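[1] got a predicted structure plus its sequence, pasted below:
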Amino acid sequence: MKKRIVVALGGNALGHKPEEQRELVRQTAKPIADLIESGHEVVISHGNGPQVGMINLAFSSGNVPRMPFPECGAMSQGYIGFHLQNALSEELLSRRIDRPVSTIITQVVVDENDPAFSHPTKPIGPFYSSDEAVRIAAETGYIMREDAGRGYRRVIASPQPLEVVESKTVKALIRAGQIVITVGGGGIPVIRKDNRLEGVAAVIDKDFASCVLATMIDADILIILTAVEKIALHYGKPQEKWLDKVTVREMEHYMQEGHFASGSMLPKVQASIAFAKTGRWRTALVTSLEKADDGIKGKTGTHISLY
Ligand code: ADP
Ligand code: MG
C-alpha cells in the first residue's frame, strides 16, 4: 500500500568531507530509491552537524566576513541538497524512473522565549584562549564557554521546532509526484516578528524537526535512518536487548529508565514517540540506512506506534 514517508538521514549517510559526501550519497540514494520504486511518497530530511561546523569554521578566520549562523545553515542545506538531489536523480534514472528531485531551503519557526535560549548548550566554531573569548564576547555578544579543557568556544541554543515554514510547498510538490529534500540540519531557525521571519543563531535537532515536518505534511511513517539496525535496551552492555515492535507507553517507560543516550538515541526516541502519539495510524521506524527497505516491510528495525 502506498504510504507517505519522511526519511530522516543521519550523519552516516553524509560523512564529513565534500568528496566523501559525494561518494556516500550514491549509496544513501539506493534505499531511498527502493522506497520510491515501491510506490511510496518520499520526503527526505537530514542532519548537518559536520557540514555546518565546517562552513562556520571557514568563515571564522582569515579575511572573510563573519557569517551569521543561520546563513551557515542555509549554505549547508544547499551544499548537502545539491549532492543528495544529484545522486538520487541519477539512481532513479538508472531504474528508468523519471521524477524531479529538488531541495527546498527550509526555515523552521522557534519560540524566542524557548527556555533553551537562556541555556545554550551546543558548542560551535573554533577554540579560543580565555583572553580571546572575552574579547569576542564583548565584540559580538556571543556566549563563550570552556569546552572540556580544550579552550573556549561559542555555544548556541537548541530550541524546539514549532512549525516548518515551507510545509505547503513540500505538500504541493508531493502531490505533483515530486521528491523533496527539506528541513536540512533541522531547518534554519527563525522567529516570527509579524510578517518577518528573523534567522536566529541556534541548532534545531533534525529528529525533532523531521517529526514536525512529518506531522505537518500528514505523513504515515517517519523513518529515522542511523548507524544501528534497531534501538536497544542496555545498549552496549551484556544484557543488551534489541527492540522490534514497541508501543508509545512502553517506550516512555524505557526512556524514563534511562536506556537512550542524550544527544544520540534519545532525540530519535522522543521524536518517534511524539510522531506516533499524533495518530494511531502513524508509525515511527528507527533502523539503519541499509535496512530501510526491510524495515518498511516489517522485517527489521524498531517500530513505535500508539498501540
Ligand atoms: P545520527 O547521526 O543518525 O543522528 P547519532 O550518532 O546521533 O546518529 O545516534 C545514533 C547512535 O546512537 C547509534 O549509532 C548508537 O551508537 C547510539 N545509541 C545510544 N543509545 C542507543 C540505544 N539505546 N540503542 C541503539 N543505539 C544507541
Ligand atoms: Mg544525531
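    Done, it's in. Ligands and ions are numbered 1, 2, ... in the order given.
[2] and the longest helix seen in the chain, what does it pack against?
    As assigned by DSSP state H, the longest helix anywhere in the chain is helix 69-94. If contacts are counted by 3 or more Cβ pairs under 8 Å, 6 or more residues apart in numbering; DSSP states H and E, helix 69-94 sits against helix 18-37, strand 41-46, helix 49-58, strand 101-103, strand 179-181, strand 188-193, strand 196-199. Any C-beta I mention is one placed from the backbone N, CA and C, and that applies to glycine too.
[3] among these, which comes closest to ligand 1?
    Of all the helices and strands packed on helix 69-94, it is helix 49-58 that lies closest to ligand 1, at 7.3 Å by Cβ to the nearest ligand atom.
[4] contacts for stretch 135-149, please.
    With contacts defined as Cβ atoms under 8 Å, 6 or more residues apart in numbering, stretch 135-149 is touched by 66, 120, 123, 127-128, 130, 133-134, 152-156.
[5] near ligand 1, which residues of the protein are found?
    Selection of the chain residues close to ligand 1 by Cβ under 6 Å from any ligand atom yields 10-11, 47, 226-228, 231-232, 235, 259-261, 264-265.
[6] what helix or strand is P120 on?
    P120 is part of no helix or strand, with elements assigned from DSSP states H and E.
[7] that one and I156 touch, don't they?
    Yes - using Cβ atoms under 8 Å, P120 is in contact with I156, at 5.1 Å.
[8] okay, these two: which has more neighbours?
    I156 (23 against 20; other Cβ atoms under 10 Å).
[9] report pLDDT for the more buried one.
    Listed pLDDT for I156 reads 95.
[10] repeat for the one 4 residues further on
    Turning to Q160, the model gives it a pLDDT of 98.
[11] just to be sure, it is in a strand?
    No - under DSSP: H, G, I helix; E, B strand; the rest coil, Q160 sits outside any strand and is assigned coil.
[12] which parts of the stretch 201-307 of the chain are helices?
    206-216, 248-256, 265-277, 292-296 (DSSP state H, counting those that start in this stretch).
[13] hmm, back to that, could you save the helices and strands packed on helix 69-94 as JSON lines and add columns showing mean pLDDT and mean neighbour count?
    Below are the helices and strands packed on helix 69-94 laid out as JSON lines (pLDDT from 0 to 100; neighbours: other Cβ atoms under 10 Å):
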{"stretch": "helix 18-37", "mean pLDDT": "97", "mean neighbour count": "19"}
{"stretch": "strand 41-46", "mean pLDDT": "98", "mean neighbour count": "26"}
{"stretch": "helix 49-58", "mean pLDDT": "94", "mean neighbour count": "19"}
{"stretch": "strand 101-103", "mean pLDDT": "98", "mean neighbour count": "19"}
{"stretch": "strand 179-181", "mean pLDDT": "98", "mean neighbour count": "26"}
{"stretch": "strand 188-193", "mean pLDDT": "98", "mean neighbour count": "19"}
{"stretch": "strand 196-199", "mean pLDDT": "98", "mean neighbour count": "13"}
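[14] one step back: between the helices of the stretch 201-307 of the chain, which one is nearest to L173?
    helix 206-216 (12.9 Å; Cβ to Cβ).
[15] please enumerate residues in contact with that closest one?
    Residues contacting helix 206-216 (Cβ under 8 Å, 6+ apart): 6, 8, 43, 45-48, 108, 160-164, 167, 170, 182-183, 185-187, 219, 221-222, 224, 267-268, 270-272, 274-275, 278.
[16] which of the residues you listed are buried?
    6, 8, 43, 45-48, 108, 161, 164, 167, 170, 182-183, 185-187, 219, 221-222, 224, 267-268, 270-272, 274-275 (16 or more other Cβ atoms under 10 Å).
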